[in-house]
Structures are given as C-alpha cells and as structure tokens.
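Trainee: Give me a model of this one.
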Amino acid sequence: MVDVPTFDHGADAIPYRRSPCRSCPWAVRNAELYRYGAISAYLIGIGEHTVLGADAVGCHAGERTPVELCAGWLQVEGAEHSSVREALADGRLPAGALRPRASGPQLFSSRLEMLDAHAATNRRALANEDDPRGEDED
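Mentor: Purely as a prediction, here's the structure:
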C-alpha cells in the first residue's frame, strides 16, 4: 500500500507525489533518521525513470512506472526546472504540485542544503563506526 497520494488526471498528466513520503530525503527531519550515501548519484539515477528524464527527481519510494516526481523536490526546486514549467503551462502538472501542504514536513530550502545535511550525517555515522570505544574487548 502506498502511503502518499499521487496525482493523475488524464493520459498526458505527469505522475507526482502530492506530499513527501515518510522517508523523503528533502524533509529536514530525515537527515538524522536515514543514511543516504551517494545521494547525488541516486537522485540522478531515479530521475531517469520519470516522465521528465534524468534531470528531474523521482520519488525513491515510488512503486509505479514511470516513477512519480518527488513531492519534496517539486516543492523545493520544481519551479526552476524548465520541463516542470512547460508541464505547468500545458496543463500536464497542476500549480499545486509546487506548493507544500500545510500538514507536510519542513523541507530543506535547496538541494545544496539537503546534500550538506545528509553528508554531515554520513560523516558522523562513519566516524562512530571507526570509534574504537564502541568495540568489544577480548
């Protein structure tokens, strides 16, 4: 069962998530909850499976093909994406796709902020793995 509603209105509509999924990397709360190693490469790879192509970002939890556009990405960066602007202009994507829902999570303000937060979490996790104080003694 999919936990986040999607949008679909017609054969030409672009599938997208209306709200960020629970583990959305664009949600501030998730930088400490999940470890997203190599997230930049992942974001590019998942975009290849969307209607808009590799420079778009699909939902990593998507179970449909094509992968729905990520709600977090649409709300943070969508307005800057030329294919998103074209889809808005020709009615394949509604303007509401770019507006955060009142009940939605706080999102990072930019891709750079999101990537920095996840990188910091990964660095801390790796440092803790290398910490000899956490190892059992013989």
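
Trainee: Going by C-alpha atoms from here, please, whenever you check contacts or count neighbours.
Mentor: Will do.

Trainee: Need the distance between the two termini of stretch 74-91.
Mentor: End-to-end distance for stretch 74-91, by Cα to Cα, to the nearest Å: 16 Å.

Trainee: how much space is there between residue 120 and residue 12?
Mentor: Going from residue 120 to residue 12 by Cα to Cα gives 40 Å.

Trainee: and if you look at residue 93?
Mentor: With distances taken as Cα to Cα, residue 93 is found 9 Å from residue 12.

Trainee: which one of those two has more residues nearby?
Mentor: Comparing residue 93 with residue 12 by other Cα atoms under 10 Å, the one with more neighbours is residue 93, at 22 against 12.

Trainee: Could I get the contacting residues of residue 85?
Mentor: For residue 85, the contacting residues are 78, 79, by Cα atoms under 8 Å, 6 or more residues apart in numbering.

Trainee: Give me the buried positions along the helix or strand hosting it.
Mentor: When elements are assigned from DSSP states H and E, residue 85 belongs to helix 82-89. Applying a neighbour-count criterion of 16 or more other Cα atoms under 10 Å, one finds 83, 84, 87, 88 buried in helix 82-89.

Trainee: Is it correct that the last one is in contact with residue 98?
Mentor: Okay, so that is residue 88. No. Residue 88 is beyond contact range of residue 98, at 9.8 Å (criterion: Cα atoms under 8 Å).

Trainee: Turn the buried residues of helix 82-89 into CSV, including pLDDT and distance to residue 27.
Mentor: Converted to CSV, the buried residues of helix 82-89 look like this (pLDDT from 0 to 100; distance: Cα to Cα, whole Å):
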residue, pLDDT, distance to residue 27
83, 90, 23
84, 92, 21
87, 92, 24
88, 94, 24
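
Trainee: State the pair within the residues you listed that is farthest apart.
Mentor: Pairwise distances across the buried residues of helix 82-89 peak at 8.6 Å for 83 and 88 (criterion: Cα to Cα).

Trainee: for residue 74, what are its contacts?
Mentor: Contacts of residue 74 by Cα under 8 Å, 6+ apart are 97, 98.

Trainee: Distance-wise, check it relative to residue 120.
Mentor: On the measure of Cα to Cα, residue 74 and residue 120 end up 24 Å apart.

Trainee: what's the answer for residue 67, then?
Mentor: According to Cα to Cα, residue 67 and residue 120 sit 28 Å apart.
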